[in-house]
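1. Structure, please.
(chains A, B, C and D)
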Amino acid sequence: MNGIDPTNVQVLAAVLFALGVAVVLTRRNVFLLLMGVELMLNAVNLSFVGFSRELSGNESLWGQMTPLFIIAIAAAEACVGLAMVICIVRGRDTLDSDAFADMKE
Amino acid sequence: MPPVDLFPLFLPLTLVIAGALIVLGFEPFLQRASKHRLLPWLAAILLVAAGAVQAGAPTGSLHGIFAMDTPRLWMCEAIIISTLIAIGGLQMSLARDDYPGGEAYSLSLFGAAGAMLMVMAVDTLALFVALELMSLSIYALVGMRRNRRESNEALFKYFVMGAVFSAIFLYGAALSYGATGSTAFGHPWRDEAHRGLFLFGQVLMLIGLLFKVGVVPFHFWTADAYTGAPVAVTGFMGAVVKVGGFAAIGTLWLNLAAVASGMPIPGVLDLGAAVTLNQTGKDLLAHYNLAFLVLGLLSLVLGNFSALKQTSIRRIIAFSSISHAGYMLLALALPIGEKLQLGSLWFYVVGYAIATAGALSAFTALAGKEDINDNLSGIAGQGRARPFYGLLLTIFLVSIAGVPPTVGFLGKYLIFQDLVVRGDVKIAIFAMIMAVVGAAYYFRTLVAVWAAPSCEPAKAGPPVLSGWVLAGAAVLTLVLIGWPNALIRPDPAGAANLGLSAPAAPAAEQAVLPTGLATAATR
Amino acid sequence: MKLTFELLWLIPFLPLLGAILNGALSLGSASSKRGPARGLVALLAVLAPGASFVITVLATCKLASHTEPGNTALVQPLWDWFAVAVPGFSFKLSAGLMFDHLTAMMLLFVTGIGTLIHLYSVGYMWEDRGFARFMAYMNFFMFSMIVLVIGDSLPMTFVGWEGVGLCSYLLIGFWHQNNEYNDAARKAFIVNRIGDLGFLLGAFMLFQVMSSNGQGSLNYRDISSWFQNFANADLITSHLGQIGAAGLLIFFGCTGKSAQIPLVTWLPDAMAGPTPVSALIHAATMVTSGVYLLARLCDLYAHATAPVLAGLTVSQVILLIGCITAVWGAIAGLLQVDIKKALAYSTVSQLGYMFMAAGVGAYDVALFHVFTHAFFKATLFLGAGSVIHGLHHEQDMRRMGGLTKLMPITHLWMFWAWFSIIGLPILGSGSFSKDLILDRLFDGASWTPIVGGVALATALVTAIYMSRVMYLTFWSPSRMSAETRAGVHESPLIMLIPISILGFGSMVVGWLWAPADFGVSHLVDNKSQHGIHFFNDWLAPVLGSAEHFTHQLLHPKGEGAAAEGGLSLYAMPALGSLAALIGWLIARAIWRGGRVQGPAEGEITGFSASWTWFFDRVYRVTVVIPVQVVAWILAWVVDAAIGGVVAGIAALARFMGDGYTSVQRPRLRSSLALSMAGVATLVAVLLLQGAFAWVVGLLGAGVAVLFLLLELFF
Amino acid sequence: MFHILDPYLGPAFFWSFALISVLCGTGLFLARHPINGAINLIGVMLSLSGIYALLNSPFLAVLQVLVYAGAIMMLVVFVIMVLNQAKDHIIPQFDWFSLVALPLPVVLGFAMVSVLTKGPTVVVAGGEAGRIELPKDASNSLTVQFRAADAGANAVYSWDFGDQNRSTGREVVHRFAKPGSYTATLSVSDGTPALRSATVTVPVNDAVRGGVQALANSMFDTRRSGPGYYLLFELIGVLLLAAVVGAVVLAKRNLDSPEPPAAPAEGHH
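-> As a prediction, this is how the structure comes out:
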């Protein structure tokens, strides 16, 4: 089962990435922001895998390894991000990102 | 660059991480008060050891993902010193606040380890791991004061924006990988059809890194994150993130220049080396050059003028850090000749890091419990109440302002001279005028520090560690101006130094020619 | 010719050591009530510059013992400082010391007079809580000043240059009880920073010119020899514009340090510091460093013969600026009621004379005036300090008078200094140097005699305002209250000794450059070579070449022609003395009776205030307001960008009501969107071509603008 | 026997997964409630996992489901937990700000797509004699599509695939029996005696790219000449530790109360 045009994979990755950016830019819920970032990271992984397919040999392998690390780092980021949510929700009792806008000047 | 063994290369880093682990291990078993008495000293001992070992670190590269050379060595050294300073400040601050926990020391060390790795990384994946290690630690440090509203807000903004730009960086890395077939820096695009892809990737990576160092228009996090963090942490992140970020930007830029000029670099590029540009490369990079100049000038203008308006010291430093990012960007501009060399950048970065960490650490002593004195009226007269820290703050601020006889002057001097000699006289004049504007707010701060006291003098924390460390750093700030070349260690290749000099042509060639790294060929 | 002298490094090092030790003492005793051991501090503080003075004398002797022709210098390279990367060649700058005839002359009086003023400070500041800190600053100032003079390259000099500025800042603000002093300190610093721009840029441009044939260097000896080298004549001709610009920029830096128009206003304000500071920094040493630098780069100025500003060459600009400053300082000095401010304006005016001399290429004469001025002005300031000390910090001359009997020794030496500054002959050193300046001015071509005439008239005004100071302080009936009068006392011996030495010096040092036989031989043959030409002979190895070059330019017909055109050697002393006499008599007629406007409490009013007012206003319009405008606009942009709270927006918000203020918040989404707009624009500019780039770029910019608007109104 | 469908089966699966992922992504973008968003995100991740499998990366596909979707499940749990604490269950979906910012991701996406699609999608071999076009990722599959340049109406195209198999036609699909490097020859004759030909080398390689074995070999290759991933692996350990410590600093409950409440209980005894 093959015959997938690698370019299409990249286009899909770009679209997903842009969707992630759109989520991050427009949504106000803190959790949705975090999910938007996850979506962007997933798009990046897809991009790596897609490129890995265009290449061969060792070059191809690097594209498989990198997503492994990205997944691990994304987990770490989610860990700190969730701790952050707990931390900030305690202070203001809201998940609305617009509520965190007291710092001025 | 010759390959180097894992152990000697990573020994300083191992010591730093070991320090973090030891602090973590002791932390739960100590009384709250003794946490701040003992843990910083443990951390400091390990850091001093790391600094000592770092000075003798071998130069070379490891697996083609990490490398060490003289500029990198001194940037690592600067990170270690800044961390040491920050640990001193943190001790003062946390002990005064009676903060219930000593994890902050360990997080500082983790952050420092991340920044050191950033300096050493010559591979985008390694760079990303390092960047995240640094960032995650610093996010936590920024949000450390959890019941302070501004701290929460700073944490939130910094974290989300940081995560978004990490993803952008990573996407750039993916595109570059697709175009070159390797995640390492300095690989040429596979064929002409992939050139656009390659450049797109490089630009996205560059944007991710420019965000980290707070260049306009990616600077929005700076003011809030600097203000929300405890003062000592502000100094730490101001110093360490700049070093790590600009080391990465410089690595990317030098490699990009080499690749654009069609120079194959199977080895790993020495940051002190001169990259030879040809006309193709110059044409390709002309836009980038312009972008650096424009963004640099924008950062100078926005940073300096915004800082003029501020009353909070941390916010002043935040906006001033944006302007300093501007100076450093100007140092990246292309030369008029053929050799691209970033010596003035490395020197500037090292000097700036030590002075920033020092200034804010000294300010911690004057800032009072929970940093309540963090504005010009709160700090009024604190210098007269505590002249030792007042004097140290003066020295560091004078250095950041770029006035002799401090190291900050020589950094600015070299950048301006590069600009003038290169023919960008107008830009140099403009940057110098901005330096004068900058002097205005630094000296406004200093005037406040030494003015007649208007409120209670700040309560002293345990000053011993910070006192010694800061005094040492102040001496370094004053002495380094005389011996910028003291940062230079004879290099086996003979080419590298802090990059301040244009090494003789053959040496420069040597530095960029393949030096036989086995992995490089396979990647 | 280069000689080595191993002890050279001690000259700057000893004051640095003093500064470090005193600083440590000051810090160490910060928590104690009494402060550090004053005796120890005083000993260290005075000994350090004193020892430097001794070594300077030794070095001078060594230098003098080598009588070979040519520019001899003692040099001591210290270490490789930094390297400069330039396309085509690489160049390493070493930090080094150079002690040539010019340095010797400057250092002798810098360390000599400096030591005396340190001694004086011990008496003046003894009771002050910050005594040790003050002495540490003073020692550090000495270190910086010595580095400025002894450094062998422009960057070395710049380090000292900024160091003295920093010390000036610290010392002006030393008594920072009130904000006025702090503002004065900050003003002094910022004004000097503006001047420094000129210095650095000029240095860079000079470097750029010199590197055009691969010899770029910032070392003074290299600069001189580069300009003196005939092989470079074509290169110089083809770079005249750049050389002129470099000279002008460096001169701009000098106007900052030496308080010349336009960067003049800081010096009178700087009088907020303790009086020894005014004497040392703002009269004797630091303010003359501009003249020193011009003399140091005399070859550059001599060769900068192309018009650079309004059809004038650099030297002519210097001449005019000096002239205007001299006149302005003299008139402003006439209107002061604060004794230190009067002396400060007099310093400005005298510095103007020095620049006039430099402007006609008479660098040796300019330095001679620096030298004599250091003596008599230091005496005047120290005397004024003594008066202020005796009157318990009264500085208003309207509340003085009749002090001759009460403070006889102070009066005695201030009298001789006055004698000197107004230019009375024989026992006043000022007459020697000032008359030489006038002589050179009248000696010049085309319009320089007109400047000379102005300078002569200014000498008259100088005599008037200085006599006014003396009359109001000493020679008029007392206007002090009874209790003040009862408390008046002569200063302690430790303050009187330095005054006496300097006052005596101001009587005699003029004879270092004088016709030994009172010019008798001169009557026989015009322009005699007889006499004590010690001073100009001494400086000739350094300045001779440039002066010769300038002289040839001014008198292309040769030496003889000049001699015919010049006035007789007696003419100027006679005219100068006459002017001094007339000025004195006028002042005597007006102020003998102590006739002054009723002392207005506190404020300085009247014309005097309006002079500073005028310049401050010009400053406001040309510098401060534009900076503020730009700051305001940009702050507005930034604040709008992060929904900020600049005053304007806050006002708008208040205007529109509370409903709007709740929305004006720096939201994360706004920041992110603006950053993303930046990403889009950058990507468009860097990567995309054609219409697509325009679309993306404009969209990014448009979104940013829309956001800013929305932050305002949504 | 269905191998004739192969060239169409892969794309068909790919397009379905792509459609699902984009739809789910859009769902995340439009989600009213964060829990809906999380479920949509899981949809994206699962479909991406399918695409990884299609792209011969089974290990990543598995990991994607195990770790990533697991992590998101955790997010969902958090949402529920935190929403119980915080008062605002639903935060307005969009407002003016959203509409203004929306062009940015759209434009960025277009820019990226325009750059990504710029490269050629086919590899061209041969010269004037007879041009052969191969799909760019021909080497990734046992089934390869060959296409010859148009040589006129009367032209006869005959192929020799280099594995003793032959075929005719301008556009042919051939399935190689096993991976290897094959040299395919195209002969074009248009009735005249002159027979033109061109050759192309096809590196047929259907290896699984992200196989566990290959990844593990590469991950734990500690030789000096190795890629050094083991180092990064160690560093990821440090990073995770730092993240945990950071999370503890940010979220540990008892840090908040600097002084434990005084114990009045003692008085009762």
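2. where does the chain dip in pLDDT?
-> As the question left the chain open, I've gone with chain A. A:1-3, A:103-105 (pLDDT under 70).
3. Chain C is the one I meant
-> For chain C, the ranges with pLDDT under 70 are C:1, C:30-35, C:83-92, C:175-187, C:214-215, C:444-445, C:514-533, C:554-569, C:594-666, C:708-714.
4. where in the stretch 101-250 of chain B is pLDDT low?
-> Using pLDDT under 70, nothing in the stretch 101-250 of chain B is flagged.
5. Quick check: residues of it near chain A?
-> Neighbours of chain A within the stretch 101-250 of chain B, by CB under 8 Å from any CB of the partner chain: B:125, B:128-129, B:132, B:136, B:139-140, B:143, B:146-147, B:149-150, B:152-157, B:159-160, B:163-164, B:166-168, B:170-171, B:173-175, B:177-178, B:181-183, B:223-224, B:227-228. All C-beta atoms are positioned from the backbone trio N, CA, C, and that covers glycine.
6. Filter those down to the buried ones.
-> Burial by neighbour count, judged by 16 or more other CB atoms under 10 Å in any protein chain shown, picks out B:125, B:128-129, B:132, B:136, B:139-140, B:143, B:146, B:150, B:152-157, B:159-160, B:163-164, B:166-168, B:170-171, B:173-175, B:177-178, B:181-183, B:223-224, B:227-228 from those.
7. Which members of the residues of the stretch 101-250 of chain B next to chain A additionally contact chain D?
-> B:L125, B:V129, B:E132, B:L136, B:Y139, B:A140, B:G143, B:R146, B:N147, B:L155.
8. Of these, which belong to helices?
-> Cross-referencing those against helices under DSSP state H gives B:L125, B:V129, B:E132, B:L136, B:Y139, B:A140, B:L155.
9. In contact with the fifth one, which residues are there?
-> Spelled out, that is B:Y139. A:V80, A:M84, B:L155, B:Y158, B:F159, B:G162, D:G246 (CB atoms under 8 Å, 6 or more residues apart in numbering or on different chains).
10. longest helix of the chain?
-> Chain wasn't specified; assuming chain A. helix A:57-92.
11. that's the other chain; I wanted chain D
-> Per DSSP H, chain D has its longest helix at helix D:6-30.
12. Give me the distance between that helix and the centre of its chain.
-> 12 Å (CA atoms, centre = their mean, to the nearest Å).
13. Mind listing residues that contact that helix?
-> Contacts of helix D:6-30 (CB under 8 Å, 6+ apart): A:1-5, A:8-9, A:12, A:15-16, A:19-20, A:22-23, A:26-27, A:32, A:35-36, A:39, D:2, D:36-37, D:40-41, D:43-44, D:47-48, D:50-51, D:54, D:93, D:141, D:143, D:145, D:173, D:175.
14. switch to 7 Å and redo it
-> A:1-4, A:8, A:12, A:15-16, A:19, A:22-23, A:35, A:39, D:37, D:40-41, D:43-44, D:47-48, D:50-51, D:54, D:143, D:145, D:173 (CB atoms under 7 Å, 6 or more residues apart in numbering or on different chains).
15. Give me the buried stretch members for it, please.
-> D:6-7, D:9-11, D:13-14, D:17-18, D:20-22, D:24-29.
16. Give me the helices and strands touching the helix or strand just after that helix, please.
-> Following helix D:6-30 in sequence order, the next helix or strand is helix D:34-54 (DSSP states H and E). In terms of contact count using 3 or more CB pairs under 7 Å, 6 or more residues apart in numbering or on different chains; DSSP states H and E, helix D:34-54 is assigned the packing partners helix A:30-54, helix D:6-30, helix D:58-63, helix D:70-85.
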